[in-house]
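Student: task: produce atomic coordinates for the following.
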Amino acid sequence: MQAPKVQTKQLMILLLLVVEVVVVPVEVVVVVVVVVVVVEVVVVVVVVVVVVVVVVVRNNFFFNLKP
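Tutor: Predicted coordinates for the structure are as follows:
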C-alpha cells in the first residue's frame, strides 16, 4: 500500500516542477507584454497630448495673428 503513495508523492513533486517550469516563463512573458502595452499606451497618450497642445497653440497663435 505504501509504494503507490511514494509514487504519487513523486508524481506530484514532478507535476509541481513541470507546472513551475511552464508557469514561470508564461508569467515572465505576461509581465513583459503588460509592461510593453503600458509603455505603448503611455507613448500614445503623450503623443496625442503633444499633438493636441501643438494644434491648439498654433490655432490660437493664428487666431491671434489674424486680427
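
Student: tell me where the model's unsure across this structure.
Tutor: Within the chain, the stretches with pLDDT under 70 are 1-6, 62, 64-67.

Student: do that again at 50, thanks
Tutor: Within the chain, the segments meeting pLDDT under 50 span 1.

Student: quick check: the gap between residue 41 and residue 17.
Tutor: Here residue 41 is placed at a distance of 36 Å from residue 17 (CB to CB, to the nearest Å). All C-beta spots, glycine's among them, are computed from the backbone N, C-alpha and C.

Student: got it, and residue 57?
Tutor: Separation of residue 57 from residue 17 (CB to CB) stands at 60 Å.

Student: and the helices in the protein, which stretches?
Tutor: 2-65 (DSSP state H).

Student: taking the centroid of it, which residue is nearest it?
Tutor: The residue lying closest to the centre of the chain (CA atoms, centre = their mean) is residue 34, at 0.4 Å.

Student: residues touching it, list them.
Tutor: By CB atoms under 8 Å, 6 or more residues apart in numbering, the contact set of residue 34 is empty.

Student: same check on the one 4 residues further on?
Tutor: Neighbouring residues of residue 38 by CB under 8 Å, 6+ apart: there are none.

Student: thank you, goodbye.
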